[in-house]
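Colleague: Sequence below, structure please.
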Amino acid sequence: MPRMRAVNAGSDIRLQPLSAYPGLATPADSDAARLVALLSGSTEFGTVAFGTEGGLFDQAGIPTVVCGPGSMEQGHKPDEFVSVEQLAGCDAMLLRLVEYLRAG
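Modeller: Numbers count the residues shown, from 1 in each chain. So this is what the prediction gives:
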């Protein structure tokens, strides 16, 4: 700001949020997280700093876990990708979900 105002005293920067989501922090021992762990075969849970509608569902009382193929290290940036192996893992999880629901 000082360098900008040295050129033009009326210079200013103002930030205004365009959208916001409530945070989502589903406990790893919740029923929803345990079901995803069972279906995915993984208990690796974490939090990431990006927007998702998951917080809105959670806020409405709907147990929520966000999961899917890919990695945030590869997603939402130039040259993002999801590997064929990751898609195959997602397909396998969805098939386990179908079987779980049929057995339920």
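
Colleague: before we move on, what SS does Y100 have?
Modeller: Classification of Y100 using DSSP: H, G, I helix; E, B strand; the rest coil returns helix.

Colleague: any idea which helix or strand carries L56?
Modeller: helix 54-59 (DSSP states H and E).

Colleague: do M4 as well
Modeller: Short version: M4 belongs to helix 2-7, going by DSSP H and E.

Colleague: Can I get that helix as CSV, trimmed to CA atoms?
Modeller: Coordinates of the C-alpha atoms in helix 2-7 are reproduced here as CSV (Å, rounded to 0.1, in the frame of the first residue of the first chain):
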residue,chain,number,x,y,z
PRO,A,2,2.7,2.6,0.8
ARG,A,3,4.3,2.1,-2.7
MET,A,4,0.9,2.4,-4.4
ARG,A,5,-0.1,5.5,-2.4
ALA,A,6,3.3,7.1,-3.2
VAL,A,7,2.2,7.0,-6.9
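
Colleague: next SSE after it?
Modeller: helix 31-40.

Colleague: can you tell me the average pLDDT over the helix holding L56?
Modeller: The average pLDDT within helix 54-59 is 94.

Colleague: Same question for stretch 20-30.
Modeller: Stretch 20-30 comes out at a mean pLDDT of 90.

Colleague: That one spans what distance, first to last residue?
Modeller: Using CA to CA, to the nearest Å, one end of stretch 20-30 lies 25 Å from the other.

Colleague: Perfect, I'm done here.
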